[in-house]
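> need a structure here:
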Amino acid sequence: MSGVGRLRIGLADDNVTFCRILQDFFNSMSEMKVAGVAHDGPTALELVRNADLDALLLDIILPKLDGFAVLEKTRDLPKKPRIIVFSAFCNEEMTKRAIALGADYFIVKPFALEVLAQRIKEICGRGEEKPPGYIRDEVELEKQVSGILQRLKIPAHYKGYAYLRAAILLCIKDPALINEATRKLYPKIAKEFNSTRQRVERAMRFAIETAWSRAKVEDLHELMGYAVDERKGKPTNICFIAQIADKIQLERKMNLKHR
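Down below sits the predicted model:
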């Protein structure tokens, strides 16, 4: 492992273009560098065994050996990197299985590269010190937000899906952002995803319109409550984000009371 030097990152994804984007991003940082790239399962195993990695970014969908098989074959190694699993598909069983097989974190595509870098630093002990259970709580929170967006039938490959998810997570952690969407929230998301405020707003709008045309009426009423009103039409971006953020905050407070 790299000790106090730059973190050595391994990439395991069959999408060559995506790997190049990640490689350029990490190699531009002073704290990290890409030490190896794999486009199939067996090569990913070789990286874990021989590349002296600090962290491996592992896609579940890989040729020859999938990500689960890689996790199984590296689970009992005496020395192995932290493993962050990512996938465009996410459900509770998939997440549980990955964590049970030794993954340290699970993140859903698409994601902001800056968020990924921060998670790597935290998992590898280079970020700010967090309270016990912080990473697990972050995974649960992201999974909860993703689950709601998926129930609303917003496709995970839509840019608006990623922007809405990021906005909801930000507003759960800092509710004041709801009141400063144009000045702070949209620009912050645009910066994370290398986009513009106008594109972020448009992509969110399209994603919300998709939800209103595809989701079951009962799911809309359960998840969005008063925001579902035929006389008012579809909710604004901010109303949508605030409603889901408030719902999740309330559920988490209730769960804490019953622990």
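
> Below-threshold pLDDT in this protein: ranges please.
Residue ranges of the chain with pLDDT under 70: 1-4, 90-92, 126-136, 225-233, 255-259.

> other SSEs contacting the longest helix along it?
Ordering each helix of the chain by length in residues (DSSP state H) puts helix 237-257 first. For helix 237-257, the packing partners by 3 or more Cβ pairs under 8 Å, 6 or more residues apart in numbering; DSSP states H and E come out as helix 134-151, helix 159-173, helix 197-214, helix 217-224. In this view, the C-beta of every residue, glycine as well, is placed from N, C-alpha and C.

> The last one vs helix 134-151, what angle?
Orientation note: helix 217-224 sits at an angle of 140 degrees relative to helix 134-151 (axes from the mean of the first three to the mean of the last three Cα atoms, to 10 degrees).

> Over to the second one?
Counting by the same axes, to 10 degrees, helix 159-173 points 130 degrees away from the direction of helix 134-151.

> Leaving out chain neighbours, which residue sits closest to Glu72?
Spatially, and ignoring its direct neighbours in sequence, Glu72 is nearest to Leu101 (5.8 Å; Cβ to Cβ, 6 or more residues apart in numbering).

> That neighbour touches Lys73, doesn't it?
No - if you go by Cβ atoms under 8 Å, Leu101 and Lys73 don't touch, sitting 9.7 Å apart.

> re the thing from before, next one: the longest helix of the chain to chain centre, how far?
18 Å (Cα atoms, centre = their mean, to the nearest Å).

> quick one: contacts of that helix?
Helix 237-257 is contacted from outside by 141, 144-145, 148, 164, 167-168, 171-172, 175, 178, 181, 201, 204-205, 208, 223-225, 227, 235, using Cβ atoms under 8 Å, 6 or more residues apart in numbering.

> Out of those, which end up buried?
With burial judged by 16 or more other Cβ atoms under 10 Å, the buried subset of those is 141, 144-145, 148, 164, 167-168, 171-172, 178, 181, 201, 204, 208, 223-224, 227, 235.

> any idea which helix or strand carries the nearest residue to Ala166 once chain neighbours are set aside?
Excluding its sequence neighbours, the residue lying closest to Ala166 (Cβ to Cβ, 6+ apart) is Ile189, at 5.2 Å. Using DSSP states H and E, Ile189 sits within helix 186-192.

> Could you list every helix and strand in contact with that helix?
In terms of contacts (3+ Cβ pairs under 8 Å, 6+ apart), helix 186-192 is packed against helix 113-123, helix 159-173, helix 197-214.

> Just name the most buried of the ones you listed.
Ranked by mean neighbour count, these are led by helix 159-173 with a mean of 22 (mean count of other Cβ atoms under 10 Å).

> element containing Phe89, please.
Using DSSP H and E, Phe89 sits in no helix or strand.
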